[in-house]
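Participant: Show me how the following folds:
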Amino acid sequence: MRLTPRLSVALIAFAPGLASAQQAPEPTSVSDDTIALLAPVRHDTKNPLMRPGREYRGVPFESWMLYPSIIAGVTFDDNLVWSRTNKIAAPGLRMAPEIVAVREVGGSKTTLFGSVDARIYPGVGRADTVSARAGVEQVWTPTHDLTIKGKLEYDRTGLAIGSNFIVNNNVLSTIASPQISDRLKGTVAVQKTFGRMFVGLSLDAAATAYHAFETSTGWSPQSYRNSRVETATVRIGGWITPAIYAFGEASGNARDYTNAPYNSRGYRAIAGVGSDRISLFRGEVYAGVQQQFYRNGIIGTASSPVIGGQIYWYPTRWITVRAALDQTFTDSSLPSPANPNGYPSKATTVRLSAVFKPFKDFTATWRASYEHTTYLASARRDNGWRTGIEAGYHITHNIELLGSYEFSKIFSTDAFGGYTRNSVSLGMKYRY
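Facilitator: Residues are numbered from 1 along each chain as shown. Predicted coordinates:
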């Protein structure tokens, strides 16, 4: 793959702040309350034994229920640009309005949603970011043995990242600049049961476009990163006992970029077992193989076994524990000095979280994760550790106090890839 001379210079200038900050977590299902898109049962993430909290019923409007809310608060980040050197520590303001509308009629459920998350840093130039999300989700159950799901979503993501530049030929300083991307994603899934057997099919497509990035040498185009990704998945399985099902799942993907050497084709085949409820557990575990065929001849074909799953455990009425493991091949990433061709990677991710609700007005969530990243056709290796806690306390039926803390530590063989970051936020959420 070749880079233009201007882009090569710009990448070397600002890559240190981008080495680990170019992606945000990706949802894996149409609904947040399912373990897998094609799971034969609805895996509710909520502890069925947990004490109820202050239930917010929303605002009725004809046949719809509206759930408007807004979060306002302050935040502090000691490494705003996610960089190993020349860190920027800055306080900021946050404003995040959101509205969800739900309509249920017979076997049809329609959900409309929209939100904006603005983060303003008055003391740092060009670091302000505005992210947004909007879409519609439809679940239709015309008969008890047939379910159709669909979702169309638009996401605008803004990340404050860094770029290095030289002042007076000697002093190295850091500026912050938002990296902005727009993504449109659509998903359709159909599932049919035949007695104890079930069959599911899903199709999804996503198109992502990146805005030009401001560096110390001017604006650097990012259009070479624009992509289209299509994935088709089929799952076949059956209930081997009233509580346990077994399944096989195969998926194929096509990943196309404006810069053709990033293109690839691949497949993933897994088999596993799952359960909606065994004692205090529910979830899925699976194993299989995956391959990705890259157009870039230096990478060629990448193959790997797959072991993973998601397990929910409810040890008490006020604790919910979730553990997850997955192994995937990523799309091509942003070039950096140690990864100048933007090689994709294999990522192994382990996540653990726990929700505590000792009484109805208070909820706390702790989470931790570890990710090992092996870059294909490159000697670079990353190990990332993250942990954090979020807490909320209901003052009244409509007002909730919020607080959170997050810690990140990345170790990398890339001299500029590692960093340490702490962030704290305090705020208030108001539900109309």
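
Participant: From Ile299, how far off is Ala377?
Facilitator: Distance, Ala377 to Ile299, by CB to CB, to the nearest Å: 5 Å. Just so you know, the C-beta spots here come from the backbone N, C-alpha and C atoms, and that holds for glycine as well.

Participant: Mind telling me what element Gly342 is part of?
Facilitator: Taking DSSP states H and E as the definition, Gly342 sits outside all helices and strands.

Participant: Around it, count how many other residues there are.
Facilitator: 24 (other CB atoms under 10 Å).

Participant: Tell me the confidence at it?
Facilitator: Predicted confidence (pLDDT) at Gly342: the value is 71.

Participant: shouldn't it be in contact with Tyr262?
Facilitator: Yes: with contact taken as CB atoms under 8 Å, Gly342 and Tyr262 are classed as touching, separated by 6.9 Å.

Participant: Can you show me the strands along the stretch 101-250 of the chain?
Facilitator: 108-120, 129-143, 146-167, 171-194, 197-210, 213-215, 218-220, 227-239, 244-257 (DSSP state E, counting those that start in this stretch).

Participant: Nearest approach to Glu62 belongs to which of these?
Facilitator: strand 108-120 (12.9 Å; CB to CB).

Participant: tell me which strands and helices whichever strand or helix holds Tyr393 is in contact with?
Facilitator: In the assignment (DSSP H and E), Tyr393 maps to strand 381-394. Applying 3 or more CB pairs under 8 Å, 6 or more residues apart in numbering; DSSP states H and E, one finds that strand 381-394 contacts strand 362-375, strand 399-412.

Participant: Distance-wise, check Leu37 relative to Tyr257.
Facilitator: Taking CB to CB, one finds Leu37 at 25 Å from Tyr257.

Participant: ugh, wrong one, I meant Ala209
Facilitator: From Ala209 to Tyr257 the distance is 11 Å (CB to CB).

Participant: what do those two both touch?
Facilitator: Shared contacts of Ala209 and Tyr257, defined by CB atoms under 8 Å, 6 or more residues apart in numbering, are found at Asn226.

Participant: So if I had to pick from these two, which one is more boxed in?
Facilitator: Set Ala209 next to Tyr257 and count neighbours by other CB under 10 Å: Tyr257 wins out with 21 against 15.

Participant: Run through the stretch 251-400 of the chain and note the low-pLDDT ranges.
Facilitator: Within the stretch 251-400 of the chain, the segments meeting pLDDT under 70 span 332-341.

Participant: dump the residue contacts of the nearest residue to Phe411 once chain neighbours are set aside.
Facilitator: In this structure, Phe411 finds its nearest non-sequential neighbour in Asn383, 4.6 Å apart by CB to CB, 6 or more residues apart in numbering. Asn383 makes contacts with 370-373, 410-412, as judged by CB under 8 Å, 6+ apart.

Participant: now, among the residues you listed, which is nearest to Ser425?
Facilitator: Closest to Ser425, out of all of these and judged by CB to CB, is Ile410, at 20.7 Å.

Participant: Contact partners for the closest one?
Facilitator: Applying CB under 8 Å, 6+ apart, we find Ile410 in contact with 20, 382-385, 417-420.

Participant: for the helix or strand hosting Pro91, packing partners?
Facilitator: Here Pro91, judged by DSSP H and E, is contained in strand 90-105. Strand 90-105 sits against strand 64-77, strand 108-120, with contacts defined as 3+ CB pairs under 8 Å, 6+ apart.

Participant: Asn86: which of the ones you listed is closest?
Facilitator: Nearest to Asn86, of the helices and strands packed on strand 90-105 and by CB to CB, is strand 64-77 at 14.5 Å.

Participant: So in that sheet, which strands flank that closest one, and in what orientation?
Facilitator: strand 59-61 (antiparallel), strand 90-105 (antiparallel), strand 419-431 (antiparallel) (DSSP bridges).

Participant: of the contacts of Ile410, buried ones?
Facilitator: Among those, those classed as buried by 16 or more other CB atoms under 10 Å are 20, 382, 384, 417-419.

Participant: out of these, who's nearest Ser353?
Facilitator: For the buried ones among the contacts of Ile410, the nearest to Ser353 is Gly384 (16.1 Å; CB to CB).

Participant: how near is the closest one to Gln291?
Facilitator: 25 Å.

Participant: how about low-confidence regions in the stretch 51-200 of the chain?
Facilitator: 51-56, 162-176.

Participant: Excluding sequence neighbours, find me the nearest residue to Arg282.
Facilitator: For Arg282, the spatially nearest residue (CB to CB, 6+ apart) is Tyr312, at 5.1 Å.

Participant: Distance check, that neighbour against Phe362.
Facilitator: Where Phe362 is concerned, Tyr312 sits at a distance of 21 Å (CB to CB).

Participant: again, but for Gly58
Facilitator: For Gly58, the distance to Phe362 - CB to CB - is 22 Å.

Participant: Look at the residue nearest to Thr208 when sequence neighbours are not counted and say how many residues are nearby.
Facilitator: What sits nearest to Thr208 in space, not counting adjacent residues and going by CB to CB, 6+ apart, is Arg183, at 4.5 Å. Using other CB under 10 Å, Arg183 has 19 other residues around it.

Participant: Please name the nearest non-neighbouring residue to Ile311.
Facilitator: Gly283 (3.9 Å).

Participant: hang on, that neighbour in a strand?
Facilitator: Yes: membership of Gly283 in a strand is supported by DSSP: H, G, I helix; E, B strand; the rest coil.

Participant: re the thing from before, tabulate the strands paired with strand 64-77 (JSON lines), appending distance to Glu249.
Facilitator: Output for the strands paired with strand 64-77, formatted as JSON lines (distance: least, CB to CB, whole Å):
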{"stretch": "strand 59-61", "distance to Glu249": "40"}
{"stretch": "strand 90-105", "distance to Glu249": "29"}
{"stretch": "strand 419-431", "distance to Glu249": "36"}
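
Participant: Among the ones you listed, single out whichever gets nearest to Ala127.
Facilitator: Once those are compared by CB to CB, strand 90-105 is nearest, at 6.8 Å.
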